[in-house]
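Asks: Sequence first, then the predicted structure, then my questions.
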Amino acid sequence: MIYTTLLALVAIVFAVLAIQARRLLVSALWLAGVSAVISVVFYLLGGRQVAVIELSVGAGLVTVLFAFAISIAGEDLGKIKPAVPTVIPVALALLFFLLLAWFSIPTGALQPPQGEPGLADVIWGQRGMDVLVQVVLIFAGVLGLLGLLAETKGPLAYPVAKEYAAKRDRELEALMKEREEREKL
Amino acid sequence: MNGIWLTFGFAAVLGLLGVGLYGLLISRNLIKLVVALQISVKAVLLGLVLAGNISGSINLGQSLAITVIVTDTVVAVIGMALAIQIRRQLGTLDVRDISRLKG
């Protein structure tokens, strides 16, 4: 359990570095580090399947998506002054932390129930509805993404490009004719 | 003995959540906001798996964590797509410049 706690502390350090990083890409890479460390913690806690999913999705897919988004949107460092004075977020985060700790940290020891079903049973049997919702969510996400990333002005369609080429040819021809006439005079 | 580590584990969850919240409050860049949101969700994931480990029903915790991972990825993708569109339309990623409400 001590390794779990130490790794969780490493994850917190990585998270702080991700927030503090000036460049967005560096921030995304620290976030991938958080994901990787957290997945090791999952493995140590016994959640092997979720550790694999977290490592592949959290550290892999999301990082690639971040790199893609940053390469399109640009770094845009802009003004580095935060929106509010630094004291306020620190105080609010501390207050939130303390309140949540006060209410949520369990004190008594819990008794583990006997005979836990396997992950497949839990997912497909007890939590089948969740899987359905996940599928709908992924579909909605893909549709939303297509809608958002669609270009308002796409590249020129073939007939339009042809029209432009023809127009350019006509202009060129007219220029040549004009030049010939001038040479005759 | 187990109780002490349990408390430490939950303290780590809350610490990660606190860092995420701090990032959400302090960041002005839209993509940085998505990063902060991701950190908060990582804390929630850790809490779910830890609770599953403690209560002895790790598979229930895992199945809920998988649901959260899927949701979180969709949220991140949509958030980044919104950021890209905002950058294209308005030319900035700063939340202050985007805001139309002046106060």
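Replies: Arrived safely. Numbers count the residues shown, from 1 in each chain, chains lettered A, B, ... in the order given.

Asks: who touches the residue nearest to A:Ala73 when sequence neighbours are not counted in this structure?
Replies: Using Cβ to Cβ, 6 or more residues apart in numbering or on different chains and skipping the chain neighbours, the partner closest in space to A:Ala73 is B:Arg87 (4.3 Å). From N, CA and C alone the C-beta is placed, and that goes for glycine too. Neighbouring residues of B:Arg87 by Cβ atoms under 8 Å, 6 or more residues apart in numbering or on different chains: A:Ile72, A:Ala73, A:Gly74, A:Asp76, B:Leu30, B:Leu93.

Asks: Mind pulling up the pLDDT for B:Arg87?
Replies: In this model, B:Arg87 is scored at 85, pLDDT.

Asks: so where is chain A shaky, pLDDT-wise?
Replies: Flagging of chain A using pLDDT under 70 yields the residue ranges A:76-84, A:101, A:103-114, A:151-160.

Asks: in it, which helix has the most residues?
Replies: Ranked by number of residues, the top helix in chain A under DSSP state H is helix A:158-184.

Asks: could you check the distance from A:Gly60 over to chain B?
Replies: 11 Å (Cβ to the nearest Cβ, to the nearest Å).

Asks: In a helix, that residue, correct?
Replies: Yes - A:Gly60 sits within a helix when classified using DSSP: H, G, I helix; E, B strand; the rest coil.

Asks: That one: neighbour count?
Replies: The local packing of A:Gly60 (other Cβ atoms under 10 Å in any protein chain shown) involves 14 other residues.

Asks: dump the residue contacts of it.
Replies: By Cβ under 8 Å, 6+ apart, no residues touch A:Gly60.

Asks: ok so, going back, select from the contacts of B:Arg87 the one having the most neighbours.
Replies: B:Leu93 (25 neighbours).

Asks: And the helices in the chain?
Replies: Looking at chain A here, since you left the chain open. Per DSSP H, chain A carries helices over the ranges A:2-20, A:24-45, A:48-53, A:62-73, A:87-104, A:119-120, A:128-149, A:158-184.

Asks: meant chain B actually
Replies: Along chain B, counting by DSSP H, helices occupy B:2-26, B:30-55, B:58-90, B:95-98.

Asks: coming back round to it: quick one: which of the helices of chain A is nearest B:Ile69?
Replies: Taking Cβ to Cβ, helix A:48-53 is the member of these nearest to B:Ile69, at 5.9 Å.

Asks: buried stuff in the closest one?
Replies: Across helix A:48-53, burial judged by 16 or more other Cβ atoms under 10 Å in any protein chain shown covers A:Gln49, A:Val50, A:Ala51, A:Ile53.

Asks: From the chain's centroid, how far away is it?
Replies: Mean-position distance between helix A:48-53 and its chain equals 19 Å (Cα atoms, centre = their mean, to the nearest Å).

Asks: returning to that earlier point: which of the buried residues of helix A:48-53 come close to chain B?
Replies: Filtering these for proximity to chain B by Cβ under 8 Å from any Cβ of the partner chain leaves A:Gln49, A:Val50, A:Ile53.

Asks: Would you reformat the residues you listed as a markdown table and include distance to B:Ala11?
Replies: Below are these laid out as a markdown table (distance: Cβ to Cβ, whole Å):
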| residue | distance to B:Ala11 |
| --- | --- |
| A:Gln49 | 26 |
| A:Val50 | 21 |
| A:Ile53 | 25 |
